[in-house]
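Participant: Generate a structure from the sequence data that follows.
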Amino acid sequence: MKEAGHGHGVSFRAGSDARRLAALLPDAAWEIVPGAGHEVNRDAPEALAARLRAFWTEK
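Facilitator: Reported below is the predicted structural model:
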């Protein structure tokens, strides 16, 4: 499964671009990380780590 992620509250078009990218990737998922902006790894590191752990242990 491939993932395209995006933070919450970002004011440019990256959100819609990320959704389109996820739609093009087989088995993709797109989600918003609440409380995170463009730099999800800095804004919400615990949430990102949890999502990555789930991704890596899937299948």
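Participant: Do a quick rundown of the helices in this protein.
Facilitator: Under the criterion DSSP state H, helices of the chain are mapped to 14-24, 40-43, 45-57.
Participant: And these, which one averages the lowest pLDDT?
Facilitator: Mean pLDDT is lowest for helix 14-24 out of the helices of the chain, coming in at a mean of 77.
Participant: Show me what it packs onto, helices and strands only.
Facilitator: If you count contacts as 3 or more C-beta pairs under 8 Å, 6 or more residues apart in numbering; DSSP states H and E, helix 14-24 packs onto strand 3-7, strand 29-33. Bear in mind the C-beta positions are built from the backbone N, C-alpha and C, glycine included.
Participant: And those, which one averages the lowest pLDDT?
Facilitator: The minimum mean pLDDT among the helices and strands packed on helix 14-24 belongs to strand 3-7 (a mean of 50).
Participant: Give me the number of neighbouring residues for Pro45.
Facilitator: Look at Pro45: counted by other C-beta atoms under 10 Å, it has 12 neighbours.
Participant: Please disregard the earlier target; I meant Ala22.
Facilitator: Ala22: 18 surrounding residues under other C-beta under 10 Å.
Participant: likewise Leu48?
Facilitator: 18.
Participant: check contacts around it.
Facilitator: By C-beta atoms under 8 Å, 6 or more residues apart in numbering, the contact set of Leu48 is 5, 33, 36, 40-41.
Participant: distance of it from Ile32?
Facilitator: Relative to Ile32, Leu48 is positioned 12 Å away (criterion: C-beta to C-beta, to the nearest Å).
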